Structure formats: structure tokens, C-alpha cells
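J.: Mind folding the following:
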Amino acid sequence: MKHFSVLFLLVALILGCKKKEEKPPTIQEEVKPDFVVVFGSCNMPQEPNPFWDDILAEHPDIWIWGGDIVYADTEDMDRLRSIYAMQDTVSGYAKLKAEVPIIGTWDDHDFGINDGGASFAVKKESQQVFLDFMGVPQDSERRTREGVYASHDYETEAGKLKVIILDTRYFRSDLVKDEDPKRRYKPNIDSNATILGDAQWVWLQNELSNSDADFNLIMSSIQFLSGEHGFESWGNFPKEVEKLENMIVASGANGVIILSGDRHISEFSKKDLPGLAYPLIDFTSSGLTHSYFSFSGEPNRYRVGEVVSNKSYGIISLNFKKKEADMKMMGDNGAVLQELKQTY
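T.: Residues are numbered from 1 along each chain as shown. The predicted structure follows:
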């Protein structure tokens with residue numbers, strides 16, 4: 001009986017060990033984002049864009065054009081229309097357009113003139129061609145309103161997102177040339193100088209103040225926080241910078257993130273604003289088909305991480321429950337070039 005007990009114990013131990021060894025490894029499930037925003041700027045339909053298949057593979061909920069959708073630089077509206085049409089024939093973009101809502105803004109090269117603003121002679125005509133390309137219905141109020149600014153609201157079971165599209169071209173006052181040969185422009189301190197114009201400012205205040213969204217993305221074609229480099233940026237109009245910062249704080253809007261393009265580089269900028277419970281981030285993503293590959297450095301006191309001078313696009317994965325935005329600069333074939341996470 002004693003031998004039988006010892007044998008039984010040995011068999012039990014062996015079976016127990018075997019069972020333990022065969023236990024499958026624990027697999028940690030990847031948390032799917034509640035909403036995926038993908039955006040980019042500086043795109044030439046004549047040049048290869050390696051990203052359209054990668055963007056579609058991200059299963060985005062929206063694609064946002066950040067400006068310079070095409071490079072037309074023309075007052076000839078037929079020519080502008082034909083170049084937009086060329087973009088629509090790009091197979092990868094056509095596939096994205098068939099599956100994903102497309103929204104966005106223009107910048108100077110699709111507006112019609114390099115570094116152009118309010119004085120551009122055919123801006124009204126250019127606006128209509130842009131709205132045609134974006135598929136805006138002929139009976140939309142955007143057809144009779146000056147400027148291409150707009151807002152888009154998205155609601156899921158998990159939470160809400162508002163995307164505010166700014167127009168930094170149609171109303172923008174003249175830039176001031178800088179005497180320094182290393183800089184193109186210097187700040188315009190005229191009290192009447194503006195980027196957005198009176199009507200757009202009133203509209204923006206209303207959009208922010210009345211937003212109950214968990215996140216509010218503001219698409220500005222030009223950089224907001226990085227303004228020391230001497231090229232185009234909000235920094236050329238310091239009173240407008242102050243106005244927008246104060247408006248964001250006073251609005252009480254949740255999770256405001258600024259998106260920008262224009263520069264042919266990508267970078268994160270972050271600034272703490274008094275009275276704002278979270279840091280203001282400006283996520284610059286530029287460009288899609290060409291970039292400032294010879295970039296050697298420039299000042300930006302608010303920069304987080306390093307400048308990415310490779311071609312890239314931006315992706316923002318939103319988690320409404322955690323109030324978290326996961327922002328990534330993406331290269332070809334799913335390469336993550338840089339990442340920034342922020343909880344709001």
C-alpha cells in the first residue's frame with residue numbers, strides 16, 4: 001500500500017508538470033483605438049506617393065489634407081482644375097477616397113500663389129475649384145461663404161471628435177520681408193494685421209466654445225507654435241498667436257491639438273499655456289511626395305524630439321476612455337519615425 005501511494009504521487013507530479021508546461025502563453029491584446037485620424041500635406045500628383053497603401057492599411061476613420069494638395073501656382077482656373085483632376089487619377093488615392101471620408105484645407109500652392117494671401121486676385125474662383133475637388137455640394141453654405149474653413153463632427157459609442165479646418169490664406173494680411181538674408185519674413189505687428197479675418201475668428205470662437213467633443217483637432221496649414229525660423233508661420237503675426245492661445249484657454253474645449261503642414265519637415269511642438277489643463281501640441285506633418293531632405297537645423301523652443309526630414313504622413317489614434325492621443329510620424333511600409341503620446 002505504501003508503494004502504491006508513492007507511485008500515485010509520482011504520477012500526479014508528472015502529470016501536473018506536463019499540464020503546466022502545456023499551458024499556452026498569455027497574449028496581451030492590443031487595444032484598438034476608438035478613432036483614427038490620418039493627415040498629410042505637400043503632395044505632387046506627378047510624383048510617386050509611397051504612402052496611400054500604408055494609409056489605407058491603417059483603417060483610418062478620416063483623411064485630412066493639410067494643404068498643398070497640388071502644386072499649381074496659377075491664376076488659370078482651367079489649369080488648376082486639371083491638376084486637381086490629375087490627383088484624382090492616382091490609383092492609391094482613388095482607393096482611399098472610395099473608402100474613407102476626405103476633408104481638409106488648402107495652402108499657398110493650391111490656393112494659387114507662393115506665400116499668397118488676401119491680395120490674390122482670383123481667390124474667389126480658386127475657392128470654388130477647391131470645393132469642387134473636395135466634393136462639397138453646390139447647395140452647401142460653403143459655396144457662398146468666403147474662405148474654405150469648415151468644421152466636422154464625428155460621434156462614436158466611445159466619444160466625440162470635432163475637426164476644425166482653418167483657412168490661413170483667403171484673409172491673411174501681407175507678410176513683411178526681413179532684411180536679414182537668412183530669414184524670409186519678420187513679424188507683422190500692425191494692430192489690424194490678421195491671418196483668419198474677422199468672420200472666421202467669430203466662427204472659430206463659436207466652434208470652440210460650444211464644443212462638447214472629447215478631442216478638438218484644429219487643422220492649420222501653416223505652423224502655429226514653431227515661429228522662429230523666418231519662413232511662413234503664425235509667428236509672423238504675434239497678435240494672432242496670442243489671440244488663438246487665449247481663445248483656446250477661454251473656450252474650455254477638451255483635448256485641443258493643432259495640426260499643420262507646409263514646411264516639408266515633420267515635428268512635434270508643445271507649449272504650456274496658463275489656464276489650460278493640458279499642453280498645447282502642434283503636430284506638423286509634411287511632406288508626402290517631397291521633403292526638406294537636406295535640413296540641417298533651425299530654432300524651435302517648443303520642439304519635442306527631433307525633426308523628421310524624410311517623406312512622411314501623420315496618424316493620430318484616439319482613445320476616448322483614457323483621453324489619450326497617440327501621435328505618430330509614419331514612413332513607408334508602416335515605419336514609425338517618431339511618436340508622442342499625450343493624455344488629456
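J.: how about the helices in the chain?
T.: All helices of the chain, identified by DSSP state H, fall at 2-21, 52-57, 77-88, 91-99, 108-111, 123-133, 197-209, 238-251.
J.: Show me what the third one is packed up against.
T.: Counting by 3 or more C-beta pairs under 8 Å, 6 or more residues apart in numbering; DSSP states H and E, the packing neighbours recorded for helix 77-88 are helix 91-99, helix 123-133. Where C-beta positions appear, they are placed from N, C-alpha and C, glycine not excepted.
J.: Just the angle for that helix relative to helix 123-133, thanks.
T.: 30 degrees (axes from the mean of the first three to the mean of the last three C-alpha atoms, to 10 degrees).
J.: Check the average confidence over helix 77-88, would you?
T.: The average pLDDT for helix 77-88 rounds to 98.
J.: who's in contact with that helix?
T.: 43, 45-46, 69-72, 74, 93-94, 97, 110, 112, 122, 125-126, 129-130, 132-133 (C-beta atoms under 8 Å, 6 or more residues apart in numbering).
J.: For the chain, give me the ranges with low pLDDT.
T.: For the chain, the stretches flagged by pLDDT under 70 are 1-30.
J.: Specify the beta-bridge partners of the residue most central in space within it.
T.: Nearest to the geometric centre of the chain sits L259, at 3.8 Å (C-alpha atoms, centre = their mean). Beta-bridge partners for L259, by DSSP bridges, are M219, F283.
J.: show me the residues around it that make contact.
T.: F39, I64, G66, L217, I218, M219, S220, D282, F283, T284, S285, G314.
J.: Buried only: go through the contacts of helix 77-88 for me.
T.: 43, 45, 69-72, 74, 93, 97, 110, 112, 122, 126, 129-130, 133 (16 or more other C-beta atoms under 10 Å).
J.: which among the residues you listed gets closest to V308?
T.: The nearest member of these to V308, counting by C-beta to C-beta, is N43 at 16.6 Å.
J.: what about the closest one, distance to F133?
T.: The gap separating N43 from F133 is 12 Å, by C-beta to C-beta, to the nearest Å.
J.: Make a markdown table from the helices of the chain and add distance to L273 to it.
T.: Below are the helices of the chain laid out as a markdown table (distance: least, C-beta to C-beta, whole Å):
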| stretch | distance to L273 |
| --- | --- |
| helix 2-21 | 55 |
| helix 52-57 | 32 |
| helix 77-88 | 37 |
| helix 91-99 | 35 |
| helix 108-111 | 28 |
| helix 123-133 | 32 |
| helix 197-209 | 14 |
| helix 238-251 | 6 |
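J.: from those, which stretch is densest packed?
T.: Neighbour counts (mean count of other C-beta atoms under 10 Å) averaged over each of these peak at helix 108-111, with a mean of 26.
J.: What lies in contact with it?
T.: Residues contacting helix 108-111 (C-beta under 8 Å, 6+ apart): 67-73, 80, 84, 114-116, 120, 123, 126, 130, 169-170, 232, 262.
J.: I'd say V38 and G314 touch.
T.: Yes - counting by C-beta atoms under 8 Å, G314 is a contact partner of V38 at 6.9 Å.
J.: wait, which of the helices and strands packed on helix 77-88 is closest to S251?
T.: Using C-beta to C-beta, the nearest of the helices and strands packed on helix 77-88 to S251 is helix 123-133, at 27.0 Å.
J.: quick one on the thing from earlier: shared neighbours, N43 and F133?
T.: With C-beta under 8 Å, 6+ apart as the test, N43 and F133 both reach I69, Q87.
J.: burial of S294, as a residue count?
T.: S294 has 6 neighbours, counted by other C-beta atoms under 10 Å.
J.: follow-up on the earlier one: D78 versus the residue nearest to the centre of the chain, what's the distance?
T.: 31 Å.
J.: Nearest residue to L208 in space, please, no chain neighbours.
T.: For L208, ignoring the flanking residues on the chain, the nearest one in space by C-beta to C-beta, 6 or more residues apart in numbering is S251 at 3.8 Å.
J.: Could you do N333 as well?
T.: With C-beta to C-beta, 6+ apart as the criterion, N333 has its nearest non-adjacent residue at 6.5 Å, and that residue is D54.
J.: Check Y292 too.
T.: H264 (4.1 Å).
J.: How much space separates the residue lying closest to P274 once chain neighbours are set aside from G255?
T.: The shortest distance from P274 to any non-neighbouring residue, by C-beta to C-beta, 6+ apart, is to V249 (7.4 Å). In this view, V249 and G255 are 14 Å apart by C-beta to C-beta.
J.: The residue nearest to P274 contacts K271, correct?
T.: No - using C-beta under 8 Å, V249 is not in contact with K271, being 11.6 Å away.
J.: right, and G275 touches V249 too?
T.: Yes - when contacts are counted by C-beta under 8 Å, G275 is listed as touching V249 (4.4 Å).
J.: wait, what's in contact with E267?
T.: Listed by C-beta under 8 Å, 6+ apart, the contact partners of E267 are S226, T284, N300, R303, V304, G305, E306, V307, V308.
J.: With I222 instead?
T.: G67, D107, T168, E232, S233, W234, S260, G261, D262.
J.: what about burial for those, which qualify?
T.: G67, D107, T168, E232, S233, W234, S260, G261, D262.
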